[in-house]
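Asker: okay, sequence plus prediction incoming.
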Amino acid sequence: MESKSYTTGSRDNANRNLEGSKILMASHFLRALFRIQQTSTTRSSFAGRRRRIRRAAYASMAYSAGTRRAWSRALLRKLRSRARLRFPRRLSGAARPQRGDTDQAQVLRKLVPGGPGMDYCKLLEETADYIRCLTTQVRLMQTVMDSISS
């Protein structure tokens, strides 16, 4: 009987933490959207605005996840380095991954930020958290769009 109440209590605590991260993500994303709207000019291209909104969404998601997750640290590092570099790095022929390397774990490592340096168990754990945060991000963006359109 005690184990059930302990389990329920930890689930409630996890739900509170999840709700807190949703609120944090929403506030950061809305502030970033406001800044984008304030700084954008009439001449800014649609692709440029889309890129800035996408970066803001990823940054708010990674920031709300905190530094406890490898994918959020990798995503924030990538966003910071892109802010410094205007041109993306190109891989030389020797550094490119070989064709035929289509193992499912390798595909997953490419999709999850920070994935190439993780072992398989850690990769699965980080993937689950990344998917949870992406789902929250999609719901947040749908809510923003619904409130704007109505």
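Answerer: Now that the structure is in, tell me what you want to look at.
Asker: low-confidence ranges in this structure?
Answerer: 1-18, 42, 83-102 (pLDDT under 70).
Asker: okay, now Arg52: neighbour count?
Answerer: Around Arg52 sit 17 other residues, with neighbours defined as other C-beta atoms under 10 Å. Heads up, the C-betas are built off the backbone N, CA and C, glycines and all.
Asker: pretty sure it is touching Gln38, no?
Answerer: No - the pair Arg52 / Gln38 is not scored as a contact, 11.8 Å apart, by C-beta atoms under 8 Å.
Asker: for Gly114, give me its contacts.
Answerer: Residues in contact with Gly114 (C-beta atoms under 8 Å, 6 or more residues apart in numbering) are 70-71, 73-75, 126.
Asker: what does the closest residue to it other than its chain neighbours show for phi and psi?
Answerer: Computed as C-beta to C-beta, 6 or more residues apart in numbering, the closest residue to Gly114 that is not its neighbour in sequence is Ala74, at 2.9 Å. Backbone torsions of Ala74, given as degrees, to the nearest 10, read phi -70, psi -40.
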